[in-house]
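# Could you look at this predicted model? Sequence included:
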Protein chains: 2
Amino acid sequence: MTIPKAEFADWMHGVQALVEAALERALPSAEHEPRRLHEAMRYAVLGGGKRVRPLLVLAAGEAVGAPRERLVPAACAVELIHAYSLVHDDLPCMDDDAMRRGRPTVHVEFDEATALLVGDALQSLAFETLAAAPLADDPAGSVEMLRTLAVASGSRGMAGGQAIDLAVVGKTLTQPELELMHIMKTGALIRAAVRLGACCGERADAAVLEQLDRYAKCVGLAFQVVDDVLDAAASSATLGKTAGKDAAQGKPTYVSILGTRAARELAQSLRRDAHAALAALGASAQRLRDLADFVVLREF
Amino acid sequence: MTIPKAEFADWMHGVQALVEAALERALPSAEHEPRRLHEAMRYAVLGGGKRVRPLLVLAAGEAVGAPRERLVPAACAVELIHAYSLVHDDLPCMDDDAMRRGRPTVHVEFDEATALLVGDALQSLAFETLAAAPLADDPAGSVEMLRTLAVASGSRGMAGGQAIDLAVVGKTLTQPELELMHIMKTGALIRAAVRLGACCGERADAAVLEQLDRYAKCVGLAFQVVDDVLDAAASSATLGKTAGKDAAQGKPTYVSILGTRAARELAQSLRRDAHAALAALGASAQRLRDLADFVVLREF
């Protein structure tokens, strides 16, 4: 694994700590009724995860000069959506996974009904967090950001990608079919993260939004390709979740379609495309470049 | 059953048809991928239900002179949240119910994983629908309405009430404990419906909002008391869902705590309180009065 530049690593750890503290404040206290639900919500969200989506929100926001006090609630909202999707994906009727981030999954640690409600309530909390924050100069900008997050989460975004993922188990997909599934399943929320970050700045230039969106599409896809490579190669201990499950479940992956070597090359090529999309943005987009490198190089 | 006044019945059927058509437009077509998910979302939402919450949105909005083109999207958003909650409540890990509105529940007609994603995607669609609509003179009003819906749906509202409901199976509750559970489980969304309707008008007077909220609290509780009476008394055919389940599952209800006669009296007393809350509002609140009567008298 390539060690990230020390300065980037400092920035990353700073953002992770900032977001962790904000999530801690956004989540209801486990002292408040219903306590078990609140305890399980906190278990699902806090103390783990790379916080890739929050990092993207902050990096995109910094590229357009947005203030951190706007970016952090937006980052929390995106992470809450991501956290809810993991809790529901792990349920027995979905991926039936017992381990996540090196700990028992929510339905194993608590119970299935609680895990269902945790996911439901985390989704509500994501929109509550976004609606409670002063995100944009103009409240119309906040409404548009709420709409962006809702579309990215729904049946034409993340939840829809998950439905396709279920439908293709045991099937052979072409690379474009696999790509479409991931564009919805992982890509939609990653694009939303970058867009929300960019929209926290002054009225964003359409050309800049377009460049950032091109970047986000490449990073989203690269993220999934790398995940597939890691799932095929890593041990459960390194991964913090059950490894090799894709193959065991007969799920088509970039590794099953392209082989490991070509999948790694694809990830590198997407990384170069992500950098190219940022060419016009200069030094302000350095964190986004660093993040593309981080996503692709994290375990290679 | 008392027959509602013909004029109210006309109004109600008109609103139900308007909301049905708007829901039909808000839901993605079953021709669009992922088709099975979209088909299941439409199955879950369309062609059934009394649409009590949309009726409350419209009635509250009419009480403050809000235009229907604002009220209908708000009504759809609330109904989408309600519909998602039914789909998840019926899942095997929750109430494990096979029948709803006289038809197989979503996980029976489709499958469990699809039902989970249907609920998830309907929640997103609710916020998308609200964020896409021009609800208030000032976009800040829209943001506040989005926040209201999110809070009402989350762990300190509907989802939290559901968690308490699960935790008390087989336990003996006092009437205040039962009331707290229902204030969260059903009451929060009914209050949000009334509030969203009222907020679609011109900048709402705080005193009026307070009166409408008092009304909504009474109607929300009355609704649950009547539900408990109906569940204990009706047959599955009349109810359109499995009857007598509360008792079979050992769930505390108003009937189990108070007996049928006292529960009916409580519903009547809440109906009078609901009317009293509207005293200062005059003729403009007539639909709200009619709705309180409709909720309480629907099957007595």
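That came through fine.

# how many neighbours does A:Glu33 have?
Counted with other Cβ atoms under 10 Å in any protein chain shown, the burial measure for A:Glu33 works out to 17 neighbours. C-betas here are computed from N, CA, C, even on glycine.

# so what's it up against?
Shown here is A:Glu33, whose contacts under the criterion Cβ atoms under 8 Å, 6 or more residues apart in numbering or on different chains are B:160, B:164.

# So which residues on the stretch 151-300 of chain A come close to chain B?
For the stretch 151-300 of chain A, the residues in contact with chain B under the definition Cβ under 8 Å from any Cβ of the partner chain are A:151, A:153-157, A:159-160, A:162-164, A:166-167.

# In helices, which of those residues fall?
A:151, A:153, A:159-160, A:162-164, A:166-167 (DSSP state H).

# Identify the spatial nearest neighbour of A:Asp290, chain neighbours not counted.
The spatial neighbour of A:Asp290 that comes closest, neighbours along the chain excluded (Cβ to Cβ, 6 or more residues apart in numbering or on different chains), is A:Phe8 at 4.3 Å.

# Would you check that the one you found makes contact with A:Arg289?
No. Under the criterion of Cβ atoms under 8 Å, A:Phe8 is not in contact with A:Arg289, lying 9.4 Å apart.

# ok, back up a step: and the residues of the stretch 151-300 of chain A next to chain B, which are buried?
Members of these that pass the buried threshold by neighbour count (16 or more other Cβ atoms under 10 Å in any protein chain shown) are listed as A:151, A:153-157, A:159-160, A:162-164, A:166-167.

# Put together a markdown table for those residues, with pLDDT on each row.
As requested, those are exported to a markdown table (pLDDT from 0 to 100):
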| residue | pLDDT |
| --- | --- |
| A:Val151 | 98 |
| A:Ser153 | 98 |
| A:Gly154 | 98 |
| A:Ser155 | 98 |
| A:Arg156 | 96 |
| A:Gly157 | 97 |
| A:Ala159 | 98 |
| A:Gly160 | 97 |
| A:Gln162 | 96 |
| A:Ala163 | 96 |
| A:Ile164 | 94 |
| A:Leu166 | 90 |
| A:Ala167 | 90 |
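
# where does the stretch 201-300 of chain A have low pLDDT?
By pLDDT under 70, the weakly predicted segments of the stretch 201-300 of chain A are A:203, A:235-244, A:299-300.

# Now do the helices in it.
With helices called from DSSP state H, counting those that start in this stretch, the stretch 201-300 of chain A shows them at A:206-233, A:236-239, A:245-248, A:254-258, A:260-277, A:286-297.

# Mean neighbour count and distance to B:Cys93 for the ones you listed - can I get that in CSV?
Listed next are these as CSV, based on neighbours: other Cβ atoms under 10 Å in any protein chain shown; distance: least, Cβ to Cβ, whole Å:
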stretch, mean neighbour count, distance to B:Cys93
helix A:206-233, 21, 27
helix A:236-239, 13, 26
helix A:245-248, 14, 22
helix A:254-258, 20, 31
helix A:260-277, 17, 36
helix A:286-297, 22, 34
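
# Quick check: which of those is nearest to A:Tyr43?
Proximity of those to A:Tyr43 was assessed by Cβ to Cβ; the nearest stretch is helix A:236-239, lying at 19.5 Å.

# What distance do you get for A:Asp96 to chain B?
Applying Cβ to the nearest Cβ, to the nearest Å, one obtains 10 Å for the distance of A:Asp96 from chain B.

# And the pLDDT for that residue?
The predicted structure scores A:Asp96 at 95 on the pLDDT scale.

# and the residue nearest to it when sequence neighbours are not counted, what are its phi and psi?
Residue nearest to A:Asp96 in three dimensions, not counting chain neighbours: A:Asp90, with 7.6 Å by Cβ to Cβ, 6+ apart. The phi and psi values for A:Asp90, taken as degrees, to the nearest 10, are phi -80, psi -10.

# how many neighbours does A:Asp90 have?
One way to gauge burial is a neighbour count; for A:Asp90, by other Cβ under 10 Å, it gives 24.

# Kindly report the same for A:Ala98.
13.

# you'd agree it is up against A:Glu109?
No. Contact between A:Ala98 and A:Glu109 fails when scored by Cβ under 8 Å: they sit 9.7 Å apart.
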